[in-house]
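Enquirer: Here's my sequence, what's the structure:
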Amino acid sequence: MILAGKYGKTKLISAKLFSSLLFGVIAFTLHMAVALGIPLWAFGADGWNLPVQIANTAIPYPFTFLGATLINFGVVYLVLLAMIGLTLLLSANMKSPYLVLIVLVPMLFIPLFLSPSGTTGLYNLTLFLFPYRATMPEVGKYISYQFGAVVLDAFTMRAIWYALLTALTLPLARMGFRKHQVSG
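Expert: Here you go, the predicted model:
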């Protein structure tokens, strides 16, 4: 009935995309509130304004513990949005949810078993952009991405990469869902 209406298909697609993003963000936020709430409740927040160099003097970033946490959360939210967008894109273009899993599971879990090499190179730079590694703060390592005269740290590169991925996958998912045939 909804699909038969004048704007049914477009509104249904928008509602599907919005509800997917909203559910993912709310679920993640609740999990993070519990994960952070317990240590904050147990130990307090007295040390969050201390510099991260207390943990390791070789950390090159001028962050406090709170600042590093907030920056990492921002990156993790961008990773989350991109993964939701990729899942929706695959779902819109594949006939079976199992095919979506066949693509997503290796992309998410294979990097768990890969470790960075001792040298810098394309392997390391790519590995640090996979979702698993992108959710790790990596403040103790200075990972840089150079594009001519422009040099980006890992946090900035991850933010740009996953923002672009989200901006690409969501419109493509919308177009994919628009092509779905309604069976009667």
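
Enquirer: any idea how far T156 is from F147?
Expert: From F147 over to T156 the distance is 11 Å, taken as CB to CB, to the nearest Å. (Each C-beta comes from the backbone N, C-alpha and C, glycine too.)

Enquirer: Between the two, which is the more surrounded one?
Expert: Each of F147 and T156 had its neighbours counted (other CB atoms under 10 Å), and the higher figure belongs to T156 (14 against 8).

Enquirer: ok but the more buried one is inside a strand, no?
Expert: No. Assignment of T156 by DSSP: H, G, I helix; E, B strand; the rest coil gives helix, placing it outside any strand.

Enquirer: Against which helices or strands is the helix or strand containing A27 packed?
Expert: Per DSSP states H and E: A27 is located in helix 8-43. Taking 3 or more CB pairs under 8 Å, 6 or more residues apart in numbering; DSSP states H and E as contact, the helices and strands that helix 8-43 lies on are helix 65-93, helix 154-178.

Enquirer: where in the protein is pLDDT low?
Expert: For the chain, residues meeting the criterion pLDDT under 70 lie at 1-9, 118-120, 180-184.

Enquirer: Try it again at 50.
Expert: By pLDDT under 50, the low-scoring segments of the chain are 1-2, 4, 184.

Enquirer: F155: neighbour count?
Expert: Burial of F155, expressed as a neighbour count using other CB under 10 Å, amounts to 20.

Enquirer: What's the separation between it and A173?
Expert: In this structure, F155 lies at 26 Å from A173, with CB to CB as the measure.
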